[in-house]
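Chemist: the sequence isn't on hand, but the structure is:
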């Protein structure tokens, strides 16, 4: 298949997702939640919306147009590319799948045990649209005889990947999280949008805001007021509640000062990756201090969220979980890597 035909296939996949009935989404959502209670129907809907944005013809052509070699008449010599997929949010490994298929290589996918149902359904739909892709997409438990690797996991698993696959061309992604920078002049609407960046997917994604940088004299009253509408959704989810209650008790036993609105704990820490139910924050004195703090954590930050003009290369409030196809994880161009194999 040439690149134009593949674009057509993925556009058709997007169309098929768009045509899902409520009954279909309900049945799929039930199967997904049985395997992973974090993957609620609301999170499935959010994921499907994101996939439809990915699989828009205009977006696909804009993304792939940056790589002229994909449109060359010469056939690519296909390599076996192993993909170790994460499972923190639904279909988080889909972009890697899309990239490998579009590049002309052969995908050997090790799905996360936490995200098998949706990924298997998307692959089934793809092969139903284009049966020839069955030879290009292989689901496997063990990665054998691969010629390149793209792996996403924790800092600990990254060491394992380096040890076993470091001799191969590779992209190995480690722990990252996202931050928001506030200046105290945010509107209620901006803070409401920020709450989506924090709580969508229960904060489990690397693009979820898990830390705030605020001015030295910042007061959190308005912040708490504008994230309040999320409380009902979060408190109805047992796993989220269990995490929140655990850390509430932990901070209480340690007699640590925290701010608590009965569904989110704010704790002043210089660490980046806060647990579910907790938001770390850090105060800055001026612009120079802020830049120093952000630079210090540069290798651990996926996205910076702020109002326009406050921080270079930041995304606007409410946009953390809506990346474009060309917004690569960890800033590493996956497609450029694949086209060089």
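Modeler: Perfect, I can see it now. Computed from a predicted model, the values in this text were never measured in an experiment.
Chemist: what's the separation between residue 24 and residue 329?
Modeler: Separation of residue 24 from residue 329 (C-beta to C-beta, to the nearest Å): 29 Å. Backbone N, C-alpha and C define where each C-beta goes, glycine included.
Chemist: next SSE after whatever helix or strand residue 164 lives in?
Modeler: Following DSSP states H and E, one finds residue 164 within helix 155-165. The helix or strand immediately downstream of helix 155-165 is strand 170-173, counting by DSSP H and E.
Chemist: quick one: strands adjacent to that next one?
Modeler: Each strand that pairs with strand 170-173, with its direction, by DSSP bridges: strand 148-152 (parallel).
Chemist: tell me what angle the partner strand forms with helix 155-165.
Modeler: On the basis of axes from the mean of the first three to the mean of the last three C-alpha atoms, to 10 degrees, strand 148-152 is oriented at 170 degrees to helix 155-165.
Chemist: which of residue 24 and residue 329 has more residues huddled nearby?
Modeler: Per other C-beta atoms under 10 Å, whichever of residue 24 and residue 329 has more neighbours is residue 329, with 19 against 11.
Chemist: neighbours of the closest residue to residue 103 other than its chain neighbours, just the number please.
Modeler: Leaving out its chain neighbours, the residue that sits closest to residue 103 by C-beta to C-beta, 6 or more residues apart in numbering is residue 338, at 3.8 Å. For residue 338, the count of nearby residues is 24 (other C-beta under 10 Å).
Chemist: residues in contact with residue 338?
Modeler: By C-beta atoms under 8 Å, 6 or more residues apart in numbering, residue 338 lies in contact with 81, 99, 100, 103, 105, 148.
Chemist: in strands, which of the residues you listed fall?
Modeler: Among the contacts of residue 338, DSSP state E puts 81, 148 in strands.
Chemist: relative to residue 181, how far out is residue 289?
Modeler: 12 Å.
Chemist: which one of these two has more residues nearby?
Modeler: Higher neighbour count among residue 289 and residue 181: residue 181, with 21 against 14, using other C-beta under 10 Å.
Chemist: ok, that one - contacts?
Modeler: 212, 213, 290, 294, 304, 305, 306, 310, 311, 314.
Chemist: including distance to residue 232, could those go into TSV?
Modeler: Shown next, in TSV, are those (distance: C-beta to C-beta, whole Å):
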residue	distance to residue 232
212	22
213	28
290	34
294	33
304	29
305	24
306	27
310	31
311	32
314	29
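Chemist: ok so, going back, ok, residues contacting the helix holding residue 164?
Modeler: 82, 84, 143, 146, 149, 151, 153, 170, 172, 173, 174, 175.
Chemist: dig out what the first one forms beta bridges with.
Modeler: Which is residue 82. Beta-bridge partners, per DSSP bridges, of residue 82: residue 108, residue 149.
Chemist: which residues touch it?
Modeler: Residue 82 is in contact with 108, 109, 110, 143, 146, 148, 149, 150, 151, 165, counting by C-beta under 8 Å, 6+ apart.
Chemist: what about these, which one has the most neighbours?
Modeler: Neighbour tally across these (other C-beta under 10 Å): the maximum, 26 neighbours, falls on residue 150.
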